[in-house]
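Chemist: Could you work out the structure for the sequence below:
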Amino acid sequence: MLPFELVRLTDDENEVRITVLSAIDSAFWEAEIAVTSLFVKGSTLLVLSRAKLEAWDRALERLALGEDVTWMQPDRGPTVSVQLEGERDCPEVVVEDESISMVIVRIPIALEEGWIADHQERVRRFAGGL
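Modeler: The predicted structure follows:
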């Protein structure tokens with residue numbers, strides 16, 4: 001089951017991906033956030049927990065209602081925000097790693113229709129396999 005691509009927000013030029021790499025124990029997993037665009041490429045590691053997976057599921061529900069979201073707490077590693085109405089007439093994904101590298105990356109991504117339902121299924125598939 002691992003590695004498992006939990007998040008894949010992509011278009012022809014930009015991508016934000018979160019891949020679960022390995023289990024630390026039965027309640028925590030090591031994962032990687034990777035950002036790729038024509039301008040920047042980078043990644044950082046993070047620890048996912050059941051609480052963070054549940055928070056991502058709730059964030060997806062809020063996105064389905066048309067609300068912007070921020071996932072994960074900045075004092076415990078990177079955060080991921082999704083702004084549905086970005087400055088460039090498409091959604092923007094903001095990855096902030098203020099607690100370690102002090103880097104913030106804002107990526108416009110023209111997300112495909114159905115991306116929210118796809119990600120809800122990804123969370124259910126991963127959580128169901130635990």
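Chemist: ok, R106 touching E92?
Modeler: Yes. Counting by CB atoms under 8 Å, E92 is a contact partner of R106 at 5.7 Å. All C-beta atoms are positioned from the backbone trio N, CA, C, and that covers glycine.
Chemist: intersection of neighbour lists for these two?
Modeler: Common contacts of R106 and E92 (CB atoms under 8 Å, 6 or more residues apart in numbering): none found.
Chemist: which helices and strands sit right next to the helix or strand L63 falls within?
Modeler: Assigning secondary structure by DSSP states H and E places L63 in helix 50-64. Contacts defined by 3 or more CB pairs under 8 Å, 6 or more residues apart in numbering; DSSP states H and E place helix 50-64 against strand 69-71, helix 115-128.
Chemist: The longest one vs helix 50-64, what angle?
Modeler: Here helix 115-128 runs at an angle of 160 degrees relative to helix 50-64 (axes from the mean of the first three to the mean of the last three CA atoms, to 10 degrees).
Chemist: ok, residues contacting helix 115-128?
Modeler: Contacts for helix 115-128 (CB under 8 Å, 6+ apart): 1, 4-7, 9, 20, 50, 53, 56-57, 60-61, 63-64.
Chemist: which intervals of the protein have sub-threshold pLDDT?
Modeler: For the chain, applying pLDDT under 70 flags the ranges 75, 130.
Chemist: Show the contacting residues for V20.
Modeler: Applying CB under 8 Å, 6+ apart, the residues near V20 are 2-6, 29-31, 48, 126.
Chemist: And those, which of them are buried?
Modeler: 6, 29-31, 48, 126 (16 or more other CB atoms under 10 Å).
Chemist: Thanks again, I'm all set now.
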